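Novice: this is a predicted model, with the sequence first.
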Amino acid sequence: MKKNYNYTRRKLYLPEYGRHIQEMIDSLMQIEDRHERNRQARAVIAVMGNLNPLLRDTADFTHKLWDHLFIMSDFQLDVDSPYPRPTRQELTVSPRHMAYTQGRITYKHYGKYVERMIGTLAGVKDPHAVASTVDNLARYMRTKSYEYNQEHPNNEVIVRDIKRMSGGNIQLDEEALNNLRSDYKQPFSARPQKGAQQHRPPHAQQQRQKNRNAQQYRGFVKNNGSHRNSSK
């Protein structure tokens, strides 16, 4: 008995329709009568639509089915389609080459956008706007430097890096930047340190005191009864 495995057959153009639909379309090209071929093609289109009933209400669903019919026939099926026939050239157009930026980032821990924003400040005429923007950028730079190096840099390092990135074209208030503090908040550890008082909400403290009192009087009976462990 000769075994017919799928890996020995030819490759399917659209595997989502299965091999049976592919064989139906192959049989369409063997029909010589054009009228009968058109009738059988519409029947195959109906079967292809039944495989995806949830997509029938979408726009151009029938148009997609006819396009898939021609694709699976390798654009050799000659039938009367209600839509323009697609060509191999239309469907095999290579995508446009996407150019990637090759710019080198001088300060990777700050990112490339920080350097771009500092470079654009050279053309701003309002000194107050420049000072406010530089102050916000300096705080942001401290935050990113901490995330990258796990330690806060000195304010002198921030001032020096801003001067280098701006090329000396920005007037800096070094006294204000030297007094800069970081807005970065370090996450609290899950386990509190020994000797530190842990903050608890009021309802949690009340529940803890209630459990302590219940544990203290667990061995006694109500109404001032005798202790259950006392000897008779």
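Specialist: Arrived safely, thanks for sending.
Novice: just give the nearest non-adjacent residue to Gln40, would you?
Specialist: Leu28 (5.6 Å; CB to CB, 6 or more residues apart in numbering). Backbone N, C-alpha and C define where each C-beta goes, glycine included.
Novice: outline the domain layout of this structure.
Specialist: Using automatic domain parsing, the domain parsing of the chain gives 6-91, 112-178.
Novice: before we move on, the earlier item: next, give phi and psi for the residue nearest to Gln40.
Specialist: Leu28 adopts backbone torsions of phi -60, psi -40, taken as degrees, to the nearest 10.
Novice: where is the longest helix in this structure?
Specialist: helix 127-149 (DSSP state H).
Novice: strands of the protein, start to end?
Specialist: Counting by DSSP state E, the chain has no strands to list.
Novice: now it, which segments are flagged as low pLDDT?
Specialist: Applying pLDDT under 70 to the chain picks out residues 1, 179-205, 212-232.
Novice: quick one, what contacts the residue nearest to Gln40?
Specialist: 37, 40-41, 44, 73, 77, 79 (CB atoms under 8 Å, 6 or more residues apart in numbering).
Novice: which of the residues you listed count as buried?
Specialist: 37, 40-41, 44, 73, 77, 79 (16 or more other CB atoms under 10 Å).
Novice: about what we covered before: nearest to Lys112, of the contacts of Leu28?
Specialist: Taking CB to CB as the measure, Ser73 is the one of the contacts of Leu28 closest to Lys112, at 50.4 Å.
Novice: ok, the closest residue to the closest one other than its chain neighbours - contacts?
Specialist: The shortest distance from Ser73 to any residue other than its chain neighbours is 5.2 Å, reached at Ile25 (CB to CB, 6+ apart). For Ile25, the contacting residues are 44, 69, 72-73, 77, by CB under 8 Å, 6+ apart.
Novice: switch those residues over to a markdown table; also include distance to Val93.
Specialist: Output for those, formatted as a markdown table (distance: CB to CB, whole Å):
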| residue | distance to Val93 |
| --- | --- |
| Val44 | 27 |
| Leu69 | 20 |
| Met72 | 20 |
| Ser73 | 20 |
| Leu77 | 22 |
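Novice: quick one: which of the residues you listed sit in helices?
Specialist: Applying DSSP H to these, the entries found in helices are 44, 69, 72.
Novice: dump those to TSV, plus distance to Tyr110.
Specialist: Formatted as TSV, those follow (distance: CB to CB, whole Å):
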residue	distance to Tyr110
Val44	61
Leu69	56
Met72	54
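Novice: ranges for the helices of the protein?
Specialist: 18-28, 34-50, 61-72, 88-91, 112-120, 127-149, 155-166, 174-178, 202-216.
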